[in-house]
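Peer 1: What would the 3D arrangement of this be:
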Amino acid sequence: MKKRTFLKVSSSLLAAAPLTSFRDFALQEKLKNWAGNLVYSTTNIQYPTSVEQVQSLVKKSDKIKALGSRHCFNNIADSKFAFIGMEKMNKVVSLDKTAGTVTIEGGMNYGQLCPYLETNGFALHNLASLPHISVAGACTTATHGSGVKNGNLSTSVKALEFVVADGSLHRLNEKDDADKFMGAVVGLGAIGIITKITLAVQPSFTMRQYVFENLPLSQLSENFIKIMSAGHSVSLFTDWQKNSINEVWVKLRSDEKFDGGSEFFGAKPATKNVHPIIELSAENCTEQMGVPGVWYERLPHFKMGFTPSSGKELQAEYFVPAKNAVDAMMAIQRMGKQIGPHLFISEIRTIASDKLWLSPANNEDMVAIHFTWKQDWPAVSKLLPQIESELAPYNVKPHWGKLFTLPKSTLAARYPAMQNFSNLVKEYDPAGKFVNDFLKNNVL
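Peer 2: Prediction:
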């Protein structure tokens with residue numbers, strides 16, 4: 001560590017509350033996101049263990065951002081000034097069995113929450129493909145699972161507690177706070193630091209999962225909704241190189257009837273567990289072949305106890321209206337030769353409409369087209385504008401936490417509530433304490 005850096009770090013520590021040791025602080029000097037494609041812009045990070053400590057840090061900071069599980073691929077959570085790392089605030093606050101809600105601290109991830117819920121006889125409506133992501137981070141970026149009747153993960157939020165720019169504590173709930181709540185849930189880190197979040201839960205359920213291989217593209221035109229409605233959650237995996245979808249993952253609740261051993265719209269049942277990238281080992285993937293298991297061991301694609309890869313990848317994801325899904329997929333299929341050399345795999349999922357202002361599924365059922373790229377940003381950066389251009393006729397929207405190049409003016413046109421959101425941010429953060437380059441360049 002250079003002398004100047006040492007003095008700067010030491011001064012910050014002496015001025016701050018004793019929330020972390022010097023050793024912990026120094027180890028974070030080159031903090032990166034999960035994929036390693038982003039190096040965060042400051043080493044100034046504190047790890048509070050209480051709401052009061054969060055309030056103190058926010059109040060005395062000119063600029064600050066919350067940092068969760070660092071699974072975003074862009075700079076949405078970055079700061080040049082200071083971070084609050086939420087990972088030590090990871091406890092369940094309460095479980096209201098009568099109301100069907102659970103309240104947790106703002107740093108808890110799904111891998112920590114799900115076993116607790118199952119032990120108490122409850123479940124969440126859906127999960128993303130990875131269980132390792134933070135709940136608050138997933139909700140504030142409208143991250144999702146799949147299912148024609150399933151809203152994104154944000155739709156399970158019933159209440160938020162957050163610290164605003166002056167250090168005061170605010171609470172919003174779905175029942176009493178109307179528009180403010182709908183604006184704040186997918187808040188992109190702009191509203192404040194989420195200290196507690198309340199989610200709707202439901203009685204626990206068991207599931208089973210089947211995989212089918214080589215679904216003919218010809219089946220999509222007439223049967224897309226039938227295919228995507230075949231289970232509680234359905235995912236299509238493709239590399240855009242053939243006239244077929246590589247794999248179809250069908251996740252079913254135990255009360256849903258389904259013959260996993262039969263041909264599925266021309267696709268053949270897999271004869272063993274498989275990885276979304278067929279060449280890779282399925283060891284870390286959730287159990288398939290119709291083997292029953294609890295909900296949180298089937299809804300994700302990867303097991304709770306394993307990190308699915310080293311993260312050396314890039315991700316982009318685009319949302320189009322469900323009514324345009326097949327046309328949008330065919331547009332990408334035509335780019336197969338350009339995309340192939342740079343792609344690991346694509347995943348197609350459905351998301352039900354909601355009322356959240358900055359949710360990509362606001363007021364319309366959507367289909368998400370996800371790209372897991374090889375970590376070659378120069379190549380990917382050239383492909384993304386081409387993909388966005390192909391999807392432009394369908395008013396494409398990007399995932400807020402993944403890579404995209406769509407300009408701010410385009411995003412504003414596709415989110416009618418964008419100005420309302422900007423006004424809400426100014427109410428809680430008039431001087432822009434939580435505003436970073438991402439928010440300036442894309443939202444506010």
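Peer 1: ok, now which ones touch N395?
Peer 2: V320, P321, R414 (C-beta atoms under 8 Å, 6 or more residues apart in numbering). (Glycine included, C-beta is placed from N, CA and C.)
Peer 1: ok, now how distant is A165 from I191?
Peer 2: 10 Å (C-beta to C-beta, to the nearest Å).
Peer 1: just L314 next, same as before
Peer 2: 28 Å.
Peer 1: So for those two, which residue has more residues nearby?
Peer 2: I191 (27 against 24; other C-beta atoms under 10 Å).
Peer 1: most neighbours, which of the contacts of N395?
Peer 2: V320 (23 neighbours).
Peer 1: for that one, which residues make a bridge with it?
Peer 2: V367 (DSSP bridges).
Peer 1: shouldn't it be in contact with Y394?
Peer 2: Yes. Between V320 and Y394 a contact is recorded at 4.1 Å, counting by C-beta atoms under 8 Å.
Peer 1: where do the contact lists of the two overlap?
Peer 2: Shared contacts of V320 and Y394, counting by C-beta under 8 Å, 6+ apart, come down to A328.
Peer 1: picking up where we left off before, may I see the contacts of N395 organised as a markdown table, with distance to N214 and pLDDT added?
Peer 2: Shown next, in a markdown table, are these (distance: C-beta to C-beta, whole Å; pLDDT from 0 to 100):
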| residue | distance to N214 | pLDDT |
| --- | --- | --- |
| V320 | 24 | 98 |
| P321 | 27 | 98 |
| R414 | 35 | 97 |
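Peer 1: For K312, give me the pLDDT.
Peer 2: As predicted, K312 sits at a pLDDT of 86.
Peer 1: Check T20 too.
Peer 2: 41.
Peer 1: Kindly report the same for the one 4 residues further on.
Peer 2: Note for D24: predicted pLDDT of 45.
Peer 1: again, but for the one 5 residues further on
Peer 2: What the model reports as pLDDT for E29 is 65.
Peer 1: any idea where the helices of this protein begin and end?
Peer 2: Listed in chain order, the helices of the chain (DSSP state H) span 3-15, 22-27, 51-60, 110-119, 135-140, 178-184, 220-228, 325-333, 336-339, 377-391, 408-414, 418-428, 437-442.
Peer 1: Can you tell me how far the spatially most central residue of the chain is from L153?
Peer 2: Centroid-nearest residue in the chain, with C-alpha atoms, centre = their mean: T143, separated by 3.0 Å. According to C-beta to C-beta, T143 and L153 sit 5 Å apart.
Peer 1: Spit out the residues that contact the two alike.
Peer 2: Going by C-beta under 8 Å, 6+ apart, residues that sit against T143 and also against L153 are A128.
Peer 1: Who are the contact partners of N126?
Peer 2: H144, G145, S146, G147, N150, G151, L153, S156, H232, S233, L299.
Peer 1: what's the answer for A200, then?
Peer 2: Residues near A200 by C-beta under 8 Å, 6+ apart: G100, T101, H125, S156, V157, K158.
Peer 1: try 6 Å this time
Peer 2: By C-beta atoms under 6 Å, 6 or more residues apart in numbering, the contact set of A200 is T101, S156, K158.
Peer 1: again, but for S154
Peer 2: Per C-beta under 6 Å, 6+ apart, neighbours of S154: C139, A142, V185, V186, L356.
Peer 1: swap the cut-off to 10 Å and go again
Peer 2: Going by C-beta atoms under 10 Å, 6 or more residues apart in numbering, S154 touches 138-144, 185-187, 199, 354, 356, 358-359, 361.
Peer 1: still on that earlier bit, intersection of neighbour lists for A165 and I191?
Peer 2: Contacts common to A165 and I191, judged by C-beta under 10 Å, 6+ apart, are V425, Y428, D429, F434.
Peer 1: what's the closest of those residues to V93?
Peer 2: Y428 (22.0 Å; C-beta to C-beta).
Peer 1: mind checking which of the helices of the chain is nearest F83?
Peer 2: Taking the helices of the chain one by one with C-beta to C-beta, helix 51-60 is closest: 9.6 Å.
Peer 1: And that closest one, what does it pack against?
Peer 2: strand 45-46, strand 83-85, strand 157-163, strand 169-173, strand 193-200 (3 or more C-beta pairs under 10 Å, 6 or more residues apart in numbering; DSSP states H and E).
Peer 1: Please repeat the previous calculation with a cut-off of 7 Å.
Peer 2: strand 157-163, strand 193-200 (3 or more C-beta pairs under 7 Å, 6 or more residues apart in numbering; DSSP states H and E).
Peer 1: Which residues does the shortest one contact?
Peer 2: The reference is to strand 157-163. Strand 157-163 is contacted by residues 54-55, 58, 101, 139, 169-174, 184-185, 191-200 when judged by C-beta atoms under 7 Å, 6 or more residues apart in numbering.
Peer 1: First-to-last residue distance for stretch 409-420?
Peer 2: 15 Å (C-alpha to C-alpha, to the nearest Å).
Peer 1: Can you give me the domain boundaries for the protein?
Peer 2: For the chain, automatic domain parsing gives the domain ranges 3-85, 92-203, 206-407.
Peer 1: Most tightly packed of those?
Peer 2: Among the domains of the chain, domain 92-203 has the highest mean neighbour count (mean count of other C-beta atoms under 10 Å), at a mean of 21.
Peer 1: and it, how far apart are its ends?
Peer 2: 18 Å.
Peer 1: Show the average pLDDT along it.
Peer 2: Mean predicted confidence for domain 92-203 is 97.
Peer 1: For N243, which residues are in contact?
Peer 2: Counting by C-beta under 7 Å, 6+ apart, the residues that N243 touches are P216, L217.
Peer 1: Apply 10 Å and report the result again.
Peer 2: With C-beta under 10 Å, 6+ apart, N243 has these contacts: N214, P216, L217, S218, Q333, G336.
Peer 1: In terms of distance to I278, which of these ranks first?
Peer 2: Looking across these and measuring by C-beta to C-beta, the closest to I278 is N214, at 10.3 Å.
Peer 1: do you know how far that closest one is from S129?
Peer 2: Relative to S129, and taking C-beta to C-beta, N214 is found at 21 Å.
Peer 1: one step back: relative to M89, which of the helices of the chain is closest?
Peer 2: Using C-beta to C-beta, the nearest of these to M89 is helix 51-60, at 7.8 Å.
Peer 1: Quick one: work out the angle between the closest one and strand 169-173.
Peer 2: Counting by axes from the mean of the first three to the mean of the last three C-alpha atoms, to 10 degrees, helix 51-60 lies at 110 degrees to strand 169-173.
Peer 1: between helix 51-60 and strand 157-163, how many degrees?
Peer 2: Using the same axes, to 10 degrees: helix 51-60 against strand 157-163 is 60 degrees.
Peer 1: Name the nearest residue to L95, sequence neighbours excluded.
Peer 2: V102 (5.0 Å; C-beta to C-beta, 6 or more residues apart in numbering).
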